[in-house]
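Chemist: sharing a model that was predicted from the sequence below.
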Amino acid sequence: MWETGKTSQIAMEMRRYNLAVLGISETHWTQAGQKRLATGEMLLYSGHEKKNAPHTQGVALMLYKVAQNALVGWESHGSRIIKASFTTKKEGILMNIIQCYAPTNDSNDDIKDHFYERLQSILEKCPRKDLTILMGDLNAKVGIDNMGYEDIMGRHGLGERNENGERFANLCAFNKLVIGGTIFPHKRIHKATWISPDHTTENQIDHICINKKFRRTMEDVRTRRGADVASDHHLVVANLKLKLKKNWTSGQTAIQRFNTAFVRNTDRLNKFKIALNNRFQALQDLLKEKETTMEDNWKGIKEALTSTCQEVLGLKKHHHKEWISTETLDKIKERKNKKAAINNSRTRAEKVQAQAEYIEANKQVKRSIRADKKKYVEELATTAEKAAREGNMRQLHDTTKKLAGKYSKPERPVKNKEGKPITEIQQQRNRWVEYFEELLNRPAPMNPPDIEAAHTDLPIDVNPPTKEEIRMAVRQIKDRKAAEPDNIPAEALKSNCNTTDHRRKIS
């Protein structure tokens with residue numbers, strides 16, 4: 001995923017196969033954090049924690065909207081393990097997903113022991129009542145023979161069990177995790193998850209497991225050979241008979257911003273003024289007929305302003321310029337066709353020919369993506385230079401922000417008083433409340449300073465503000481700033497300062 005454009009390609013395949021959660025191994029990303037892609041997916045990633053660490057290993061979970069809404073919290077466990085929890089429609093039951101990248105079969109035993117010990121400690125902390133899914137590149141061949149492992153394995157695996165497979169099967173047996181790829185009958189081509197560079201060897205080393213209690217929730221597990229991101233692994237997909245539930249504490253509903261740029265258009269501005277004046281006149285007539293409270297008056301004012309903005313200005317649309325060109329997308333499609341040709345080859349000669357064509361197609365994709373990225377950055381730099389010359393600080397700031405990227409500030413879990421990460425979103429919020437309560441509510445000093453009282457009171461005008469003062473205050477509000485919780489933009493108030501008279505009279 002460290003390669004230019006790879007994340008976008010993975011997101012495209014995720015949308016194509018309509019996946020709620022996608023686990024990724026060997027991301028080659030360092031540090032830990034979360035990132036929102038321009039296309040809406042959320043990426044939770046975990047890698048080497050040290051600064052200047054090599055871009056090796058790394059795991060991630062890519063979440064579609066339904067999974068983002070259900071996210072309760074997530075944990076980073078180094079460069080090989082990441083865990084996330086989601087609410088489900090089953091009352092009181094969470095879904096815990098653990099994504100792994102295990103050491104290879106040839107790795108040192110100490111490295112393997114450390115990995116499985118850490119994985120075991122994470123599994124032990126998952127409540128038994130919850131649904132737990134363990135998945136990823138386990139580099140483990142469990143084979144066909146399930147003797148001694150009948151409770152957690154079927155006879156629909158692939159090949160023969162190796163040492164890593166023995167370790168993995170023992171872990172699953174101890175934690176009562178059913179290995180999904182072994183219990184559903186499929187063709188051999190739909191079981192193999194990894195293929196050697198020369199396309200002569202196929203193995204089943206990527207797995208999706210589920211705790212035995214929820215075995216019937218899993219409806220199928222198989223590879224999808226059509227997915228293509230130039231990897232030697234096939235996409236493994238599990239179908240679950242389970243619905244995620246929106247976690248209402250995961251965030252407030254985003255406020256829809258109005259397109260205030262239209263206020264700078266004279267015709268649209270006049271239309272806005274007329275519509276707003278009509279609404280305020282109707283509001284005044286209505287309030288004259290009955291007694292109302294201050295709260296009722298405020299609700300009427302807010303409704304008049306926001307409904308006029310909705311009707312005349314409309315909502316602001318976020319236009320994201322996708323830097324990958326259509327030519328590159330065509331090359332990606334061509335590469336996908338070459339992979340299909342490899343999968344459908346019937347003879348060794350056909351496969352060798354298709355493989356050579358695929359390698360060349362992948363080179364063209366890489367070259368095209370690098371060229372697109374270079375062109376995109378150059379266009380941003382040109383835009384920034386032009387904005388600087390013209391003194392357009394807003395555009396300069398926005399463009400510079402795009403050029404800088406978002407990797408400098410990864411979002412990390414909040415820590416408790418003992419310095420341990422807090423993974424659940426609601427607990428993080430509670431910790432913030434606790435922190436500021438302690439920070440701002442300090443006890444009174446033991447020996448308060450003796451401050452002399454002022455000889456005379458300052459001449460502060462405490463009378464209600466005049467109409468002119470209100471108009472002046474409204475004019476001084478800065479444009480293009482985020483609206484307050486009432487969602488009334490400054491431009492709407494400034495478009496016709498006479499509306500402030502209505503607000504003052506009504507209130």
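Modeler: The structure has been received and is ready for your questions. Residues are numbered from 1 along each chain as shown.
Chemist: which element is the residue nearest to Ser79 when sequence neighbours are not counted on?
Modeler: Leaving aside its sequence neighbours, Ser79 sits nearest to Gln57 (C-beta to C-beta, 6 or more residues apart in numbering; 4.0 Å). Quick note: C-beta positions are derived from backbone N, CA and C, even for glycine. Under DSSP states H and E, no helix or strand contains Gln57.
Chemist: my guess is Gln57 contacts Arg80, does it?
Modeler: Yes - contact criterion C-beta atoms under 8 Å: Gln57 and Arg80 qualify, at 6.0 Å.
Chemist: got any residues that touch both of those two?
Modeler: Common neighbours of Gln57 and Arg80 (criterion: C-beta atoms under 8 Å, 6 or more residues apart in numbering): Tyr101.
Chemist: more crowded one of these two?
Modeler: Taking other C-beta atoms under 10 Å, Gln57 and Arg80 do not tie; Arg80 has more neighbours (24 against 20).
Chemist: skipping adjacent residues, who's closest to that one in space?
Modeler: Here the nearest residue to Arg80 in space, its sequence neighbours aside, is Tyr101; by C-beta to C-beta, 6+ apart that works out to 4.9 Å.
Chemist: got the buried residues for stretch 449-467?
Modeler: Under the neighbour-count criterion of 16 or more other C-beta atoms under 10 Å, stretch 449-467 has nothing buried.
Chemist: ok now it, how far from the chain's centre?
Modeler: 51 Å (C-alpha atoms, centre = their mean, to the nearest Å).
Chemist: and that stretch, average pLDDT?
Modeler: In this model, stretch 449-467 carries a mean pLDDT of 81.
Chemist: span of that stretch from start to end?
Modeler: One end of stretch 449-467 to the other measures 42 Å (C-alpha to C-alpha, to the nearest Å).
Chemist: so which residues of the stretch 201-350 of the chain form helices?
Modeler: Secondary structure of the stretch 201-350 of the chain by DSSP state H, counting those that start in this stretch: the helices cover 266-288, 294-308, 326-344, 348-390.
Chemist: mind putting these in CSV, distance to Ala169 and mean neighbour count included?
Modeler: Compiled in CSV, those are given as follows (distance: least, C-beta to C-beta, whole Å; neighbours: other C-beta atoms under 10 Å):
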stretch, distance to Ala169, mean neighbour count
helix 266-288, 68, 15
helix 294-308, 60, 16
helix 326-344, 29, 17
helix 348-390, 32, 15
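Chemist: Lys243: which of these is closest?
Modeler: helix 326-344 (30.9 Å; C-beta to C-beta).
Chemist: give me the distance from the closest one to the chain's centre.
Modeler: 27 Å.
Chemist: relative orientation of that helix and helix 348-390 in degrees?
Modeler: Here helix 326-344 runs at an angle of 160 degrees relative to helix 348-390 (axes from the mean of the first three to the mean of the last three C-alpha atoms, to 10 degrees).
Chemist: average pLDDT across helix 326-344?
Modeler: Rounded mean pLDDT across helix 326-344 is 93.
Chemist: that helix packs against which elements?
Modeler: For helix 326-344, the elements it packs on are helix 348-390, judged by 3 or more C-beta pairs under 8 Å, 6 or more residues apart in numbering; DSSP states H and E.
Chemist: so after the helix it packs on, what's the next helix or strand?
Modeler: Counting by DSSP H and E, what follows helix 348-390 is helix 393-404.
Chemist: which neighbours does the next helix or strand after that next one have in its sheet, and in what orientation?
Modeler: With elements assigned by DSSP H and E, the helix or strand that comes after helix 393-404 is strand 414-415. Within its sheet, and counting by DSSP bridges, strand 414-415 is paired with strand 421-422 (antiparallel).
Chemist: next SSE after the strand it pairs with?
Modeler: Later in the chain than strand 421-422, the nearest helix or strand by DSSP H and E is helix 425-440.
Chemist: which elements pack onto that next one?
Modeler: By 3+ C-beta pairs under 8 Å, 6+ apart, helix 425-440 packs against strand 71-77, strand 414-415.
Chemist: tell me how far it lies from the chain's centre.
Modeler: With C-alpha atoms, centre = their mean, you get 24 Å for helix 425-440.
Chemist: pLDDT below threshold where in the stretch 401-507 of the chain?
Modeler: Low-confidence segments of the stretch 401-507 of the chain, defined by pLDDT under 70, span residues 405-413, 496-507.
Chemist: try it again with 90
Modeler: Within the stretch 401-507 of the chain, the segments meeting pLDDT under 90 span 401-430, 437-507.
Chemist: contact partners for the closest residue to Ala304 other than its chain neighbours?
Modeler: Distance criterion C-beta to C-beta, 6+ apart; nearest residue to Ala304, sequence neighbours excluded, is Arg279 at 4.1 Å. Residues near Arg279 by C-beta under 8 Å, 6+ apart: Ala304, Ser307, Thr308.
Chemist: next: Val365.
Modeler: Ala230, Thr328, Lys331, Ile332, Arg335.
Chemist: measure it to Arg16 for me?
Modeler: According to C-beta to C-beta, to the nearest Å, Val365 stands 16 Å off from Arg16.
Chemist: hang on, the earlier thing: what is the nearest of the contacts of Val365 to Asn52?
Modeler: Relative to Asn52, the closest of these is Ala230; by C-beta to C-beta it sits at 27.3 Å.
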